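Novice: sequence? don't have it. structure:
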């Protein structure tokens, strides 16, 4: 059976977040590292090297902190510069590096926990006005508000953790 593209559901952008909705999304970002850790708990090295579409579970685990570190830095830039142009990165090439293909997953799990703790602390200190600040994403060809980024990255964590959960369910792990 072909794995679904988005086992956690399609991403639906939310541009005008209420304070209540944004707090829900921040709570999802806060919970994401524990959910990922639970999703990979007890997997063997061979199981970690099982593919979900194009990436192995191990590569997915390495990808999440790679991506979320970028977003955390984008928040800092948007809060301290006037609509900065961010530097995109090639997530496929990063996932194909030897450390992502073969590396121990303990460090990316720890990094995700640390980045999320710091990022959540930042977001909970931000004002409504600060969430309306933005950065320019050259690959997308448009500005992205920090409000939008909150929703996108809350979904991103659910998306990849959902991929791992789908494999586990299909394989009976």
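Specialist: Thanks, I have the structure now. Every value quoted in this text rests on a predicted model; they were computed, and no experiment measured them. Residues are numbered from 1 along each chain as shown.
Novice: any idea how far residue 97 is from residue 59?
Specialist: Distance of residue 97 to residue 59, computed by Cβ to Cβ, to the nearest Å: 9 Å. (Each C-beta comes from the backbone N, C-alpha and C, glycine too.)
Novice: Looking at those two, which has the bigger crowd around it?
Specialist: Comparing residue 97 with residue 59 by other Cβ atoms under 10 Å, the one with more neighbours is residue 59, at 26 against 13.
Novice: got a list of what that one touches?
Specialist: When contacts are counted by Cβ atoms under 8 Å, 6 or more residues apart in numbering, residue 59 is found next to 95, 96, 100, 101.
Novice: Please enumerate the helices of this structure.
Specialist: Counting by DSSP state H, one finds helices in the chain at the ranges 19-40, 45-48, 57-80, 91-95, 98-102, 106-125, 128-131, 146-171.
Novice: for the ones you listed, which one sits closest to residue 8?
Specialist: Residue 8 lies closest, by Cβ to Cβ, to one member of the helices of the chain: helix 146-171, at 3.4 Å.
Novice: what's the model's confidence in the closest one, averaged?
Specialist: Helix 146-171 comes out with an average pLDDT of 97.
Novice: Show me what that helix is packed against.
Specialist: Under the contact criterion of 3 or more Cβ pairs under 8 Å, 6 or more residues apart in numbering; DSSP states H and E, helix 146-171 touches helix 19-40, strand 51-52, helix 57-80, helix 128-131.
Novice: how about JSON lines for those, with distance to residue 122 added?
Specialist: Converted to JSON lines, these look like this (distance: least, Cβ to Cβ, whole Å):
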{"stretch": "helix 19-40", "distance to residue 122": "10"}
{"stretch": "strand 51-52", "distance to residue 122": "31"}
{"stretch": "helix 57-80", "distance to residue 122": "6"}
{"stretch": "helix 128-131", "distance to residue 122": "10"}
